[in-house]
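**Student:** Give the three-dimensional model of this entry:
(2 chains)
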Amino acid sequence: MSNNRKVPQPNTSSTADIAFLLLIFFLITTTMATDTGLSLRLPPPVDSDVEQKVEERNTLVVLVSQDNKLMCEKKEIELWELKDIAKEFIENPNNDINLPKKVLVNIDFFGEVEVTKPHVISLQNDRGTNYSKFIEVQNELIAAYNELRNELSIKTFGKTNAELDEDRQKAVIDYYPLKISEAEPKEY
Amino acid sequence: MSKFKKSQKNESGELNASSMSDIIFMLLFFFMTVTSMKEVDFKVKFDLPQATELTKLEKKSLVTYIYIGPPTVRNRARMGSETRIQLNDKYAEIADIQDYIAQEKGSMKEEDQPYMTVSLKIDRDTKMGIVNDVKQALRKAYALKISYAANKRQNEQLR
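**Tutor:** Predicted structure coming up:
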């Protein structure tokens, strides 16, 4: 008698669907927020006695003053002017005697080329400078490098820098190495 | 009626789907637990600056964070509103940075150590003085790869 009676089973086929929905929800929402930022290398610590000598023509002094004004080679400029100034400085297209000296360097894919290897962009700031202003200036300088690299990539390989393979990207970086020096704080 | 009976006879055994939900649930729990993000409790407020030339920080395990900004509203009564540095879960001073970096470096695999990146999450209204001090401390600690954390700027024209 009791064998005949069936306990009604709840229909469980939909639980899989519900679980699937939850699973997909978590998969999508937990894509971790990737950290982005302006990457650069600090120079290793140096003895303060050793003065590093860089020729006048090889340096571009960019100063962000206390009241967030931008000075480039002792002239006050606007932020949007900086990128073009920096690009011309890094590239030195006309072999100007006041712009960085070009030296012969052997780079893969390019062979023997003249690049402005000894150039340095010296980014100086005051203790009172605003951080966001500093980042804006830093951003413009990195943008100058990125644009130059991209132009070079398109000229030689016919592709944007991002599309190149790793070896070629490295060669392009060797051609225009990032040389922004965040100067040692000065004692005034 | 006869038709109906016939079809019941031919019916192949129904697939038992009841275990499927268990499997999916297991997957679900796996992802829920694994992707629990390791975030510290922020004790300083930081609005990141905006920039366009961003690079992504690829490997989380190689990144160490330093937070700089004014204390959050909750801590303001105790700490004041002067810019502070946060390392891990605690407020810290410039002098603590070297130890912190050394400790973080020590907890990394040896082959990874040269690739250690320090991500500086700094409030946009911070003065450069404290940033310079932190940079000098990082140089002394030989943590030379740094990244100024910034968000993507949407309208990128400046002029």
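**Student:** list the buried ones in stretch A:154-162?
**Tutor:** Neighbour counts using 16 or more other C-beta atoms under 10 Å in any protein chain shown place A:157, A:161 of stretch A:154-162 among the buried residues. Backbone N, C-alpha and C define where each C-beta goes, glycine included.
**Student:** again, but for stretch B:57-68
**Tutor:** Neighbour counts over stretch B:57-68 (16+ other C-beta under 10 Å) mark B:57, B:62-68 as buried.
**Student:** before we move on, what about stretch A:68-84?
**Tutor:** Those buried within stretch A:68-84 under the rule 16+ other C-beta under 10 Å are A:68, A:70, A:72, A:82-83.
**Student:** For those, which two are the farthest from each other?
**Tutor:** Greatest spatial distance in the buried residues of stretch A:68-84: A:N68 and A:K83, 17.9 Å, computed using C-beta to C-beta.
**Student:** residues near the nearest residue to A:E163 once chain neighbours are set aside, how many?
**Tutor:** Spatially, and ignoring its direct neighbours in sequence, A:E163 is nearest to A:S153 (8.0 Å; C-beta to C-beta, 6 or more residues apart in numbering or on different chains). For A:S153, the neighbour count with other C-beta atoms under 10 Å in any protein chain shown is 21.
**Student:** Could you check how far A:S153 is from A:Q138?
**Tutor:** Plainly put, A:S153 is 23 Å away from A:Q138 if you go by C-beta to C-beta, to the nearest Å.
**Student:** Pick out the residue of chain B closest to chain A.
**Tutor:** Per C-beta to the nearest C-beta, B:G129 is where chain B lies closest to chain A, at 3.4 Å.
**Student:** That residue touches A:N130, doesn't it?
**Tutor:** No - look at B:G129 against A:N130 with C-beta atoms under 8 Å: they stay out of range, at 10.9 Å.
**Student:** more crowded one of these two?
**Tutor:** For B:G129 versus A:N130, neighbours defined as other C-beta under 10 Å are more numerous around A:N130 (20 against 16).
**Student:** Report the beta-bridge partners for the more buried one.
**Tutor:** B:K127 (DSSP bridges).
**Student:** So for it, what's the pLDDT?
**Tutor:** pLDDT, A:N130: 89.
**Student:** That one against A:N68, yeah?
**Tutor:** Yes - between A:N130 and A:N68 there is a contact under C-beta under 8 Å: 5.3 Å.
**Student:** touching chain B at all, stretch A:6-21?
**Tutor:** Yes - Stretch A:6-21 comes into contact with chain B (C-beta under 8 Å from any C-beta of the partner chain), by way of A:12-13, A:15-16, A:18-20.
**Student:** so how far is the first residue of that stretch from its last?
**Tutor:** Across stretch A:6-21, the terminal residues are separated by 32 Å (C-alpha to C-alpha, to the nearest Å).
**Student:** Pull the residues that contact that stretch.
**Tutor:** Residues outside stretch A:6-21 that contact it (C-beta atoms under 8 Å, 6 or more residues apart in numbering or on different chains): B:17-18, B:20-21, B:24-25, B:28.
**Student:** Narrow those residues to just the buried residues.
**Tutor:** Neighbour counting by 16+ other C-beta under 10 Å classes B:20-21, B:24-25, B:28 among the contacts of stretch A:6-21 as buried.
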